[in-house]
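Q: Please find the sequence and the predicted model below.
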Amino acid sequence: MKTTMKSLSLSLLAAAMVLAGCASPGSIAPQAKLHDSAAELGLSSSAAPAKVDATWWTAFNDPQLNALVDKALADNANLRVAAARIERATAVAESAGAADKPNITADVELQRQHLTENYIYPPPLGGSNINFGNAELQGSWEFDFFGRNRAALEAAIGSERSAEAERDAARVALASNVARSYFQLARLGEQKKLAERTLAQRDELLKLIRQRVDAGLDTNVELRQGEGSIPEARAQLEALDEQMSLTRHALAVLTSQPPNALDALAPGLQPVQAVALPAVLPLDLVGQRADVAAARWRVEAATQDLKSARASFYPNISLTAMVGLQAIGFNNLIDAGSRNAAIGPAISLPVFDAGRLRANYHGKAADVDAAVESYNLAVLDAVREAADQISSSQSITRQQRQQDEAQAAAESAYDLATQRYKAGLGTYLTVLTAETNVIAQRRATADLKARALDTQVALARALGGGYTARPPTSVAVSQSNAVTTAAR
């Protein structure tokens, strides 16, 4: 029996191969090519890896920042959505992995039927009421000779891994957005301190002007100028308060809190923590980015989908079997004579489908092209972003050295102008001009400090944010390995 079934299956397979030309994908094929070689991207294969710690934000030594990032990563709704997508992809992979396994169903049917007298039933059956009973176990097992199910499983696993990489990319983006918003709030706080200092200086100068007017040394022109500078400084303070409030709201939402939960948060600008910067972009940059890894897995999933679609042009061969009980009369159902059994192979082959399979295959080929070009774009964006942040970090360091000198000169000029005015040797206009320059230099210094911190955050993200690829979570992986081993 076993030999007969094997011979029959081989005969069906041979016949299927002969008929396989009835429907064909023809010359349809993807056209896009992957562009991720070191030479194409300007990456150095000899450069040392530029590793970033998975908790890179702790290097800023700010407990408030650490707590905010931790809360965001634990409670953010976008991450929960990403986790749900992984669960969905896992379920699809598990379903695809089950396609190569036997399928067994049970069917029990009991019915009472009145048989017509004017049909095929002879008397006394015709015109009588009959009880029918049927209890069956049905099984089927599809032989994946052409790899359709195996390719579908690999496509599902690729989608699962892509979903996991997208979740990791969302984590890196969320941590960096929290840190950047935090440092933006710190920058605004520093600007507010400068604005408050400026307001205090103008109050002091206004008192001095009034004393000089009372002494007949100045006119009302200088008095009106001094009085007009006070509302201007207060308006700047109000604008900064508004910006700080909006930034706190944004930071609260990032950390899954009500908008006003962080109204008391007032961080300062810490000294920038040094990060070892690569002189050239390392080759392993592409592998460190979760968004690039997700795009690469989408290419893999689309490629396997295309293979599965191609296998649809070939025969579908399966083995079906049935065993059960079938009888007229419920009392006869469990009788030994009611036994019913069947077993045999089955084959189905697309011969004419009005081009549906070709259209589906054409669409899958286009999906591969789209996935490949999206990957190419993701790689180019990743390299550009890393190169931008490295250049900005190096430039900001040089700018800060020059800015320190410029601010020192402006502060000295302002002190001299104030002393000369107090001594009656200079005009108030000279003081205002010097003060305007000092305010501009102080703001520029604070902005550069904030930019340095922001660029450190952006650089950590550009270098991958500590991403490390993890194995997919579904049991479909072991199923895929088992299928691959069996195929070999």
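A: Received, thanks.

Q: What segments of the stretch 1-150 of the chain are helices?
A: Counting by DSSP state H, counting those that start in this stretch, the stretch 1-150 of the chain has helices at residues 2-19, 38-41, 63-75, 77-97, 148-214.

Q: Could you say which of these is packed most deeply?
A: For the helices of the stretch 1-150 of the chain, the largest average neighbour count (mean count of other Cβ atoms under 10 Å) is found in helix 148-214, namely a mean of 21. To be clear about C-beta, it is placed using only N, CA and C from the backbone, and glycine gets the same treatment.

Q: what's the following helix or strand after that one?
A: Next along the chain after helix 148-214, taking DSSP states H and E as the criterion, comes helix 220-254.

Q: Quick check: mean pLDDT of the helix or strand just after that next one?
A: Where DSSP H and E defines the elements, the next helix or strand beyond helix 220-254 is helix 285-288. The pLDDT scores in helix 285-288 average 75.

Q: Alpha carbons only: can I get helix 285-288 in CSV?
A: Coordinates of the C-alpha atoms in helix 285-288 are reproduced here as CSV (Å, rounded to 0.1, in the frame of the first residue of the first chain):
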residue,chain,number,x,y,z
LEU,A,285,26.6,52.3,10.5
VAL,A,286,23.9,50.7,8.3
GLY,A,287,23.6,47.7,10.6
GLN,A,288,23.2,49.9,13.7
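
Q: In it, which residues are buried?
A: Neighbour-count burial for helix 285-288, counted by 16 or more other Cβ atoms under 10 Å, picks out 285-286, 288.

Q: Which member of those is positioned nearest residue 378?
A: Closest approach between the buried residues of helix 285-288 and residue 378, by Cβ to Cβ: residue 286, at 9.2 Å.

Q: surely that closest one meets residue 381?
A: No - the pair residue 286 and residue 381 does not pass the contact test of Cβ atoms under 8 Å, sitting 11.3 Å apart.

Q: Just put the buried residues of helix 285-288 in a markdown table and tack on distance to residue 447.
A: Shown next, in a markdown table, are the buried residues of helix 285-288 (distance: Cβ to Cβ, whole Å):
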| residue | distance to residue 447 |
| --- | --- |
| 285 | 29 |
| 286 | 33 |
| 288 | 30 |
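
Q: Burial check on the nearest residue to residue 420 once chain neighbours are set aside, number of neighbours?
A: Leaving aside its sequence neighbours, residue 420 sits nearest to residue 426 (Cβ to Cβ, 6 or more residues apart in numbering; 3.5 Å). One way to gauge burial is a neighbour count; for residue 426, by other Cβ atoms under 10 Å, it gives 16.

Q: ditto for residue 311
A: By other Cβ under 10 Å, 19 other residues sit near residue 311.

Q: Now it: closest residue in space, sequence neighbours ignored.
A: residue 148 (3.4 Å).

Q: now swap in residue 194 and tell me
A: Distances taken as Cβ to Cβ, 6+ apart put residue 442 closest to residue 194, at 4.9 Å, once the chain neighbours are dropped.

Q: The one you found reaches residue 406, doesn't it?
A: No - applying Cβ under 8 Å as the test, residue 442 and residue 406 come out as separate, 10.5 Å apart.

Q: which of those two has more neighbours?
A: residue 442 (20 against 15).

Q: mind checking how far the more buried one is from residue 431?
A: 16 Å (Cβ to Cβ, to the nearest Å).

Q: go on, residue 462?
A: Applying Cβ to Cβ, the value for residue 462 to residue 431 is 45 Å.

Q: can you tell me which residues contact residue 250?
A: Applying Cβ atoms under 8 Å, 6 or more residues apart in numbering, we find residue 250 in contact with residue 181.

Q: what does the one 5 residues further on give?
A: Contacts were defined as Cβ under 8 Å, 6+ apart; by that measure residue 255 touches 68, 71-72, 75-76, 178, 262.

Q: Mind doing that once more with 7 Å?
A: Residues in contact with residue 255 (Cβ atoms under 7 Å, 6 or more residues apart in numbering) are 68, 71-72, 178.

Q: Can you lay out the residues you listed as TSV showing distance to residue 154?
A: Shown next, in TSV, are the contacts of residue 255 (distance: Cβ to Cβ, whole Å):
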residue	distance to residue 154
68	40
71	38
72	35
178	36
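
Q: Including pLDDT and distance to residue 139, could the residues you listed go into JSON lines?
A: Putting the contacts of residue 255 into JSON lines (pLDDT from 0 to 100; distance: Cβ to Cβ, whole Å) gives the following:
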{"residue": "68", "pLDDT": "94", "distance to residue 139": "57"}
{"residue": "71", "pLDDT": "92", "distance to residue 139": "53"}
{"residue": "72", "pLDDT": "92", "distance to residue 139": "51"}
{"residue": "178", "pLDDT": "94", "distance to residue 139": "55"}
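
Q: Tell me the predicted confidence for residue 327.
A: 79.

Q: What about it? Give its phi and psi, please.
A: Main-chain dihedrals, residue 327, degrees, to the nearest 10: phi -160, psi 160.

Q: what do you get for residue 346?
A: Backbone torsions of residue 346, given as degrees, to the nearest 10, read phi -140, psi 150.

Q: neighbours of it, just the number please.
A: 12.

Q: Report the separation between it and residue 141.
A: 11 Å.

Q: Which residues are in contact with each of these two?
A: Listed as contacting both residue 346 and residue 141 by Cβ under 7 Å, 6+ apart are residue 318.

Q: so residue 446 touches residue 187, yeah?
A: Yes - at 6.2 Å, residue 446 and residue 187 qualify as touching, with contact defined as Cβ atoms under 7 Å.

Q: Which neighbours do those two have in common?
A: If you check residue 446 and residue 187 against Cβ under 7 Å, 6+ apart, the residues they both contact are residue 269.

Q: Quick check, pLDDT for the residue nearest to the spatial centre of the chain.
A: When Cα atoms, centre = their mean is applied to the chain, the residue found nearest the centroid is residue 166 (2.9 Å). Predicted confidence (pLDDT) for residue 166: 89.

Q: Relative to residue 389, how far out is the residue nearest to residue 420?
A: Using Cβ to Cβ, one gets 46 Å for the distance from residue 426 to residue 389.

Q: Over to residue 166?
A: Distance check for residue 166 against residue 389: by Cβ to Cβ, it reads 22 Å.

Q: Provide a list of residues in contact with the closest residue to residue 158 other than its chain neighbours.
A: Leaving aside its chain neighbours, residue 158 sits nearest to residue 301 (3.2 Å; criterion: Cβ to Cβ, 6+ apart). Counting by Cβ under 7 Å, 6+ apart, residue 301 makes contact with 155, 158-159, 162.
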